[in-house]
Structure formats: structure tokens, C-alpha cells
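Asker: using only what follows, build the 3D model:
(chains A and B)
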Protein chains: 2
Amino acid sequence: MAKDFATRSENYAQWYNDLVIKADLAENSAVRGCMVIKPYGYAIWENIQGVLDRKFKETGHSNAYFPLFIPKSFFSKEASHVEGFAKECAVVTHYRLKNSPEGKGIVVDEEAKLEEELIVRPTSETIIWDTYKNWIKSYRDLPLLINQWANVVRWEMRTRLFLRTAEFLWQEGHTAHATREEAVREAETMLNVYADFAENYMAIPVIKGTKSPSERFAGAIDTYAIEALMQDGKALQAGTSHFLGQNFAKAFDVKFLNNANQLDYVWATSWGVSTRLMGALIMSHSDDNGLVLPPKLAPVQVAIVPVFKTREQLDQITQTVLPLKKALESKGVTVKYDDRETQKPGWKFSEYEFKGVPLRLTIGPRDIEQGTVEIARRDTLEKEIFKLSDVEVKVVHLLDQIQKNLYDRALAFRENNTFRVDTWDEFKKVLDEKGGFLSAHWDGTTETEEKIKEETKATIRVIPLNNPKENGKCIYTGRPSTQRVLFARAY
Amino acid sequence: MAKDFATRSENYAQWYNDLVIKADLAENSAVRGCMVIKPYGYAIWENIQGVLDRKFKETGHSNAYFPLFIPKSFFSKEASHVEGFAKECAVVTHYRLKNSPEGKGIVVDEEAKLEEELIVRPTSETIIWDTYKNWIKSYRDLPLLINQWANVVRWEMRTRLFLRTAEFLWQEGHTAHATREEAVREAETMLNVYADFAENYMAIPVIKGTKSPSERFAGAIDTYAIEALMQDGKALQAGTSHFLGQNFAKAFDVKFLNNANQLDYVWATSWGVSTRLMGALIMSHSDDNGLVLPPKLAPVQVAIVPVFKTREQLDQITQTVLPLKKALESKGVTVKYDDRETQKPGWKFSEYEFKGVPLRLTIGPRDIEQGTVEIARRDTLEKEIFKLSDVEVKVVHLLDQIQKNLYDRALAFRENNTFRVDTWDEFKKVLDEKGGFLSAHWDGTTETEEKIKEETKATIRVIPLNNPKENGKCIYTGRPSTQRVLFARAY
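Answerer: As a prediction, the model looks like this:
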């Protein structure tokens, strides 16, 4: 695998892009802003989906599927939602093509114009609440706990693989509740599901909090988010969970008979994570040698490379490897035995290193003689010789260790890159020189937030949950403040 | 669960539609032709996906994801493909909306017109082969065995839930090969995967065969299909696998260096099944009492209903049920214990019957005293009392039996409804009076096939694989024929 790609310190953005393309994760397609997710990248996404889907089901949710298209008029029903979403989107206006009368290929048939344009969903609150109207009559129909795995389209002008694409894959949960309290609890539960997933599977420490009003989801009363810090000191929003109040129920007239036999509007939440998580995963752990994947999400956890000169040697190695592979697989470890004769061992070493495979085992004729195996860790690049009889236990142990080490490393990085700043000069200086999370006082107004963003491109990432109260002065206006919030430049 | 729905003999089409809606499988949405797949229906689809995905991976395929949109010009590159697909489709022409200047909601922003219109994919051969062009250079890059789970859109004018909808969910495999033989073998392998899935999981017997030229996929050299017979005597195409020759490689200029170091065009296949399978599943087994689901795909395989008057009785029953539930689950059986106090047992019985749950267990106070359990089979509606100690083994056995019985019943139905006909009068008479598969001689011309279709609405469903050669006369023209083919009216 070629090393001809940028290092992080040379050009972080280029390093990221090179990595995504050269590690066969994804590439740009012929359609502006839309990506192709390649098999290796998609296998990681499938692992992400598998874990999350299980967690959604364990918390009582069911999957369903709603239409790709949304009638244009639906967006006008929730005032702030239309501002946030309906503007930059793909609009279907016709439903037929025809042969060009001049014989120049195919053209849009103007006679097949839709009466009402259809929007390719940028998010599904409107079509889903239009549907829920018919499903919810009484408190007995509640709560309604539904999730959808789907593709969505937002017409982004500047796109980056996984991080910001016109089409992306995601899941969107949409729940309906009888009381405000239950809906808030649901939004918080799902935030915790996301945080648990990020930390325990992606090995990415996250800060849980709420968004300031200007960063809220269009149509939400409150947006909860998990924020992670990337290696270049920029923050990345890794998942959001919204308490929508009764906004969508009112927009789509969804009322229910409560247990006091009175009609009331239904309370709502929505929550989602997307293929953007792939970007977070790549940027959190990878290094100048290529991808580094946490074992719990790696498509291949262990690659075994035989070193041999003769067919007999390979056969002998294979006889040792196959029972080991089987034993590891029975413990739930994903193993690839790469006995291809078309590639040399050195090429394979680079390949698995570049693709972030957590452990590589090497076995040669001398190992067979001596009953040993070399194990190389991708996270530390350390190599060590173990007795063959210990390998099974060792591999399981090392995978756990790597998972933990990646998390610890990312946590240490975040801690070393979170700064308490108290003056505007310090704020600007730290932001430019170090980046990271800046914990600073803010006067609570959207106007100040807007000005800080204009001058520095930093935004309030979250107001952390259980944030300690502390009297201070807004770094920008000097007006009184009761708590610090987290600023950062962000993806 | 209400019985207010049509019976099959009264109105088969209405029975089907009522069943889909009242069993909470799917419903029509606010968007013409697009359906909402409800949680219960989606859970069946997830089971279908789970089994097929495993089979695809076992046969060496990986999943990936390609863009939803396809540039219009791509369709013109493969001549027959554009005729078959690009005409009736959703066309994206703009990428922005704006507030109406007259303050009347939002309107399309004419300034945001795409230079080239985008088609919402009706199938992905074109965008995928445009991508493969960059992935394939040499025979070492082959075979490329990729599958995609996705939504697609075909602008159907007359839609029916699951059977024909404007948007539907499916999987589409797209493979690339170095030789013609290997590609043909792949197309046949995937046909066999589909047939095995239909027969052993859906419990639907299918006939494997090739399509006549006029029924081929647009762009294929050969289309293989599996055809099933529904209870109303109409056929349903349940899956197709296409040998595409070098058509798409030529259209998108995808060449490779073969092992003789010569440039050649790549050989291709594509294959797919869709949410249409849901329609086949429902129509094959269900009856006038509601859905009947094969155990291997049922979201709930066993429903346990407690019959009780007092809280103490319920507690006692629960103490017996929970260990049984756990024991069954450890054997891979999906069990729902419905201890809701808001619904009466009779209501629950109808509910599970209507929703096609294969086995219902009932336990009351007397059963607790006597150590018994009543088991009701959904397929035969038989009830029997078993000793509690036998239930675990009995349930596993009965689930197997039901799976087998559904298949046998469907096979017997198909055998009783497949007719050899030798004259045109007989053909029309059998078709009108009985329906089913008509095995008849055909002169092999598209013209004759077209005329038969015009006069009777019957089409050639398949030319069965390994079809015995037999001299005869075409039922329509009397011209010589060497084999019988299968005609039917079809969904």
C-alpha cells in the first residue's frame, strides 16, 4: 500500500481525504456532492448500524420506512423547519423523460410536470408527523417509538467525504409521547445511547450537552448533542437528539385523548446519527501510517500473514493457522488469513497497517519450529513474539487493550486540548494557536454568539449537561454570565 | 382485531389490500404511489434482509453504496436500458426553493436550475458501471462481487401496496467478471440463492427459468427469474438475475487487461429482489382469517397469552411462563408474552391469528394446576393440549412442521393449478376458468407472444431451466415448436 499521502502536520484536510480514498473507504461519484461508499468503508458502517440497531431495539424502538419524497407544502407547515431545511434541497418537478424531438438523446417531458413539486427528504419530521396523525388517537397508542434507516439529501455546496455530502445515510428516530416529561426523558435516553456508543464502540470520548438557540435543530425546543474533538483541534458534532415539544403535532394537527379524556397535542422527539460518524472515527484515531480502527468496529480484527518460500512451508503454516483461526472465530473474533501467493508479506504488512486492522499475526517456518507467533499492534505499532499456545488468549486480551488504549489516548488528547479562557484576547490566541475546546463565559445572547462566530469562526458547541454554575463575565461583551460554555471551531 | 375485511373468494384484490392495511404491514402515504412500511411489516422485511444478506456474504459478495441520483445522460449510453427505465421516473431539475415573492409559501427558485437533470435511480447499472470503470484495470481486480441495499423509484401509474409502488426497497447485486462463463455462472448462482430463499424461508415453491426476449431486463442478454403462483391463479415474479454480457462495459468503456495481457471488455451480471417479496409472502399463505406467516420469517413465532381473573393467577402464570420463554429463546425461538391487562384474552387470540403468528400458547389457572398448556397452530387452526414439560420440544417441532406444511400446501396448489394445454380454445378457457400456469407450445417469436398477451393478458413467465425438448405446434400460430413454455396472467 502506497505511502504517498499527506501527513497530518503537513495538511490535515489532505491527509483525511487521502486516507478515505486510499484506504478504500469512499470516493466522490459522478454526481456532484454524492459519494460512493466502497465495500471496506461500508463494512465499518454496517458494524456501526448493527450495534446501534440493537441498542434502539433494546430501548423499545421498532424500525419502519417512510417515503423518500415529501410534498413541498408540508415544509411550510412548521415555520422554522422550512427555513432550516427546505431551501437547499433536491426538487423533483417532473415524472417523465422523452426522446428529444431533434433526436438529441432524452429530454424532460414538459407534459409530465407534477402538480406539486416533491422534495427529496432532508429529514423526515414532516412526512412522519403527517402519517402519525392517523396512527394516534388515544394515550393507548402512545408512546410511539420508531426509527428509520434511510438516505437523505441536503444540497451542500462544499462537500467532504463522509463529513458533508449532498446525499448521506443515517438513522432518524421519531417518537410520540403523551407528556412533556416523557418526551424529554426520551430525548435524553437517546443522547445517552449515542454517547455510550461513541465512547464504548467508537472509542471516542464525547461531551454531552444542549445547543444554544441558534444551533438548535429547525423546529426543536431543545437540541441535545454529543461533541467530539478531532486531532486537528476542531470539534465534530457526532449525534443529536431533539425535544420537539408540540411543534410538529400542532403543525400537522396530531391530537390524542389523554387519560383524563381530554384532547391534547402529542409531544415529540427526533434523533439521528449519520455516515458523518465515519469521518469522526477516521479522524479520531488514525495516524500518518494510515487508518487506525477500534477493534469493536473493525471489519477485520486480526489479519494473519504467512511468511514462506516453498509450498510445503505454506502448507505447514496453514495447518497451524486454521485451527487457531477457528478458535478465535469461536470467541467472536473476525480473522482474515491472507495466504495469497500473488502478494509478498511486506506488501500485506503495509496493507493491513494502512487499513487499520487492529492486530496482525505473522507466522514463518521458524515460528512453526519454535511454536511461536509474532503479533503486531496497529495502535502502538509494537511487535512481540508469543508462544503459539498463548495466542488465543493474548489476541482477545490485546483487542480489549487496543479498544481501551484508543479511548484513553483520545481522552488525554481532549483533556490536553480543553482550555479555560477568561479574556477575549486569550480566547482568540488559544483558538488560533492551539484550537481545541474553549471553556468560556458567554452572556447568553444569540447576538454575542453570532459576533464571536463572525470574528473567529468559533461556535458554541454545547452547554454541557450538569454544567457547574459559576459567576463570571462574558469574554466578548463583559456582561455577567452564570456558566461557562464550550466553544470550538467545528466540522 | 376486526374481521371486517373481504374474503378471498369475494374479492381477492380487496382481501389483499385489507390484509396489508389491517395487519399493520403498510399503508399508502401522502405521496402518490409511495407507501409507508409500518413496524410489523418492516420487521418481516428485516428478517428477509437478514437471511439474504447472509447468503450474499456466504457467496462472496460485499455490500457498498452508490448515489441515489443518476445524471440523465448516463441512461442514453445503453440503448435498450433507456427505453426500459429512463422514461417513467422522478426527475430532479432544481436544487433550491425560496420564499414566494407574493408571500404565498415557498416556490422553486428558477435560478437554481441544474445544468443536467438528475434521475432518481430506477436501478443502478449505469452509475455503478461508471464507477467500476475506475476500479477495474486488470484481471486481478476481478471478479468484483458487490451488492447494494437501497430504495429505488419507478413512476408507476397504477400502484398496489408492496406489489407495485413508485418507491420500493430492494437489493441490487452488480458483479464484474473476466469471462463470459464466469458471469453466466454468477447469474445462475444468484438465481439459485433466490430460489433457495423463496422455498426454504418464504415457503414458496418457485419455478426457475429464463425470460423470453420481450420480458428481459432492459440491457440484459439473458434474464433468469423465479416465478411463483399466487392463490388467485396469477403468477408473481419473485426475483431476477441478469446476464448482461458486455453491454454495460461497452456503454461505459470498462476494459481490463486479461491474463494474456490483452484488453477486453468486462462481463457483467445484476440481480435483485424487492419489497415485492412481501406481497408474494402475504398472498401465498394467508387466508380469510388473516395473515399466515412462515415461522422462519415471522417477527413473533410464539405468542403466549395468559388467561386469568386475579392478580395472583397472573403472577402464578407468569412464574411458569418466564422460564419457558427463556428456554425457548435459548433455542432461537422468538417469543412474545402478552400479559397486558388492558386487553382480554379473546381479543389477543384474534390479534395473533390475524397477524399470522405461527403458534399461540394459552395458559390459565387450570393449566397451572394440571401442568398443561394449549397450543394453537395458525396454519391449520388446530388446538391441542400438551404437558408443560413437553412444550419446549413440541414448539420447536411444530414450528418446523408449519414451515414444511406451508410449503407443501403451496406446492400442491401450484401442481393442481398447472395445466398442459394444446389448443388455443383450451388455452383461453383454462386461463379464464382456472388461471394458473399454462404449459403450452410457442413458436418462439415475440410477435406471437405479443398477440397472445393482447388477446388474453397472459405472458410467458419463464422458459423453465432444463426444459424437456418436445416437438409440438404453437397454440396460437400452429407453427412448429420444440418445447413448452409457461404462460400465466401475472402481477
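Asker: where do the domain boundaries of chain A fall?
Answerer: Using automatic domain parsing, the domains assigned to chain A come out as A:12-70+A:123-285, A:302-398, A:418-488.
Asker: which strands and helices lie in contact with the helix or strand bottoming out on mean pLDDT in chain A?
Answerer: Counting by mean pLDDT, DSSP states H and E, chain A has its least confident helix or strand at helix A:79-81, which shows a mean of 77. Helix A:79-81 sits against no helix or strand, with contacts defined as 3 or more CB pairs under 8 Å, 6 or more residues apart in numbering or on different chains; DSSP states H and E. C-beta coordinates here come from the backbone N, C-alpha and C atoms, glycine included.
Asker: in the very next helix or strand once past that helix, which of the residues would be classed as buried?
Answerer: Tracing the chain past helix A:79-81, the next element assigned as helix or strand by DSSP states H and E is strand A:88-99. By neighbour count on 16 or more other CB atoms under 10 Å in any protein chain shown, the buried set for strand A:88-99 is A:88-97, A:99.
Asker: number of nearby residues for whatever residue of the stretch 201-350 of chain A ends up closest to chain B?
Answerer: Ranked by CB to the nearest CB, the top residue of the stretch 201-350 of chain A for proximity to chain B is A:T342, at 7.0 Å. Burial of A:T342 is recorded as 6 neighbouring residues (other CB atoms under 10 Å in any protein chain shown).
Asker: what's the closest non-adjacent residue to it?
Answerer: The spatially closest residue to A:T342, leaving aside those adjacent along the chain, is B:R140, at 7.0 Å (CB to CB, 6 or more residues apart in numbering or on different chains).
Asker: A:G209 now?
Answerer: A:V462 (2.8 Å).
Asker: doesn't A:V206 make contact with that neighbour?
Answerer: No - A:V462 lies out of contact with A:V206 (CB atoms under 8 Å); the separation is 9.6 Å.
Asker: any idea how many residues pack against A:A412?
Answerer: Neighbours of A:A412 using other CB under 10 Å come to 11.
Asker: what about it, distance to A:S9?
Answerer: From A:A412 over to A:S9 the distance is 19 Å, taken as CB to CB, to the nearest Å.
Asker: for the helix or strand containing A:L19, packing partners?
Answerer: When secondary structure is defined by DSSP H and E, A:L19 falls within helix A:12-22. Judged by 3+ CB pairs under 8 Å, 6+ apart, helix A:12-22 is in contact with strand A:26-28, helix A:276-285.
Asker: and it, which residues are buried?
Answerer: By neighbour count with 16+ other CB under 10 Å, helix A:12-22 contains the buried residues A:12, A:15-20, A:22.
Asker: rebuild those as CSV, extending it with pLDDT and distance to B:T334.
Answerer: Conversion of those to CSV gives the following (pLDDT from 0 to 100; distance: CB to CB, whole Å):
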residue, pLDDT, distance to B:T334
A:Y12, 96, 48
A:W15, 97, 47
A:Y16, 97, 43
A:N17, 97, 45
A:D18, 96, 46
A:L19, 97, 42
A:V20, 98, 39
A:K22, 96, 43
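Asker: so which of the buried residues of strand A:88-99 also contact chain B?
Answerer: The residues of the buried residues of strand A:88-99 that also fall near chain B, by CB under 8 Å from any CB of the partner chain, are A:88-97.
Asker: which residues do A:V462 and A:V206 both contact?
Answerer: When contacts are counted by CB atoms under 8 Å, 6 or more residues apart in numbering or on different chains, the set common to A:V462 and A:V206 consists of A:E227.
Asker: what separates stretch A:352-362 from the chain centre, distance-wise?
Answerer: Put simply, stretch A:352-362 sits 23 Å off its chain's centre (CA atoms, centre = their mean, to the nearest Å).
Asker: hmm, I typed the wrong one, I wanted stretch A:327-335.
Answerer: Relative to its parent chain, stretch A:327-335 has a centroid offset of 27 Å by CA atoms, centre = their mean.
Asker: list the buried ones in it?
Answerer: Along stretch A:327-335, these residues count as buried under the neighbour rule (16+ other CB under 10 Å): A:328, A:333-335.
Asker: quick one: end-to-end length of stretch A:285-301, please.
Answerer: Taking CA to CA, to the nearest Å as the measure, stretch A:285-301 stretches 15 Å from start to finish.
Asker: residues of that stretch that come out buried?
Answerer: Burial within stretch A:285-301, assessed by neighbour count using 16+ other CB under 10 Å, is assigned to A:285-287, A:290-301.
Asker: up against chain B, what does the stretch 251-400 of chain A have?
Answerer: Applying the criterion CB under 8 Å from any CB, the portion of the stretch 251-400 of chain A that neighbours chain B consists of A:T342.
Asker: low-confidence stretches in the stretch 1-150 of chain A?
Answerer: Within the stretch 1-150 of chain A, the stretches with pLDDT under 70 are A:1-3.
Asker: now the strands: where do they sit in it?
Answerer: Listed in chain order, the strands of the stretch 1-150 of chain A (DSSP state E, counting those that start in this stretch) span residues A:26-28, A:35-37, A:62-63, A:69-71, A:88-99, A:106-108, A:113-120, A:144-153.
Asker: surely A:L293 and A:V357 touch.
Answerer: Yes - in this structure, A:L293 is within contact of A:V357 by CB under 8 Å, at 7.3 Å.
Asker: the helices in the stretch 201-350 of chain A, which residues?
Answerer: A:247-251, A:276-285, A:311-330, A:345-354 (DSSP state H, counting those that start in this stretch).
Asker: tell me which residue lies nearest the centroid of chain A.
Answerer: Ranked by distance to the mean C-alpha position of chain A (CA atoms, centre = their mean), the top residue is A:L277 at 1.6 Å.
Asker: these two touch, right, it and A:N47?
Answerer: No - here A:L277 does not reach A:N47: they are 10.9 Å apart, not a contact under CB under 8 Å.
Asker: that older thread, need the overlap of contacts for A:L293 and A:V357.
Answerer: The contact sets of A:L293 and A:V357 overlap at A:R378 (CB under 8 Å, 6+ apart).
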